[in-house]
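Colleague: Sequence and computational prediction follow.
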Amino acid sequence: MGISWWKVAGILLVGYTLIGGLLMPVPRMDILNETIRNLYFHVPMWFTMIALFTVGAVYSIMYLTSGNMEHDIKAVSFTNVGIMFSILGMLTGMEWAQYTWGAPWSDDVKQRDTAICMLMYFAYTVLRGGMKDEEKRARQEAAALALADEAREREEQELIQKNMLTKAERRRLVGNAPLMNDMRHDAMMSDERMAH
């Protein structure tokens, strides 16, 4: 029995990420400096989390329509691994924020909404562990997971719209300067405020 192609592809991608994230040259940008290496890990963790939660929600809906316990088992498995990636993504994001923004938690809308989303999935696991009847637990949890995924998607769309509006407003106020210039300006203003 040979190794599956997707396992080889996974090993190669993880190897490239480790080598690229730790050893390859990165762009030298103001404020970001070497913290940009964190993006090799942080961003893939978030995309993996989103994919896992989505697949978990799909399996939950499949369980609700079919009643097949195998779908429920897969939904729980995908969700639990997604929770692990959400924790790692939050930690790497906070590490990056510490060096880039000066604090691990800046009460940014994206951070707050992500924390709320994580709490919904934590509640999913707590609620699941609190029920004894497996079929009843599976039905209620499948519905909760589908609702949590719907809420996560809505939050993502709102964030996308808010970020677009923020960039548009900045461009309108500052002209067509790149976003990096806005970040430099914000950093300089923050330094001036701290000096006074």
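Modeller: Sure, I can see it.

Colleague: Check what pLDDT Ala195 gets.
Modeller: On pLDDT, Ala195 comes in at 53.

Colleague: and the spatially most central residue of the chain, how far is that from Gly2?
Modeller: Nearest residue to the geometric centre of the chain (Cα atoms, centre = their mean): Trp46, 3.1 Å. Separation of Trp46 from Gly2 (Cβ to Cβ, to the nearest Å) stands at 33 Å. To be clear about C-beta, it is placed using only N, CA and C from the backbone, and glycine gets the same treatment.

Colleague: And Tyr63, by the same measure?
Modeller: From Tyr63 to Gly2 the distance is 33 Å (Cβ to Cβ).

Colleague: Show me which of these two is the more surrounded one.
Modeller: Between Tyr63 and Gly2, Tyr63 has the larger neighbour count (other Cβ atoms under 10 Å), namely 25 against 6.

Colleague: Spatially nearest residue to that one (excluding sequence neighbours)?
Modeller: Spatially, and ignoring its direct neighbours in sequence, Tyr63 is nearest to His71 (3.8 Å; Cβ to Cβ, 6 or more residues apart in numbering).

Colleague: Output the contacting helices and strands for the strand or helix carrying that neighbour.
Modeller: Using DSSP states H and E, His71 sits within helix 69-100. Applying 3 or more Cβ pairs under 8 Å, 6 or more residues apart in numbering; DSSP states H and E, we find helix 69-100 packed against helix 39-66, helix 109-129, helix 134-174.

Colleague: about what we covered before: make sure the residue nearest to Tyr63 is actually in contact with Tyr59.
Modeller: Yes. With contact defined as Cβ atoms under 8 Å, His71 counts as touching Tyr59 (4.8 Å).

Colleague: Between those two, point out the one with more neighbours.
Modeller: Tyr59 (24 against 20).

Colleague: tell me the contacts of the more buried one?
Modeller: Shown in contact with Tyr59 (Cβ atoms under 8 Å, 6 or more residues apart in numbering): His71, Asp72, Lys74, Ala75, Phe78.

Colleague: Quick one: these as JSON lines, columns for distance to Pro25 and pLDDT too.
Modeller: Formatted as JSON lines, these follow (distance: Cβ to Cβ, whole Å; pLDDT from 0 to 100):
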{"residue": "His71", "distance to Pro25": "46", "pLDDT": "92"}
{"residue": "Asp72", "distance to Pro25": "47", "pLDDT": "87"}
{"residue": "Lys74", "distance to Pro25": "41", "pLDDT": "93"}
{"residue": "Ala75", "distance to Pro25": "42", "pLDDT": "90"}
{"residue": "Phe78", "distance to Pro25": "36", "pLDDT": "94"}
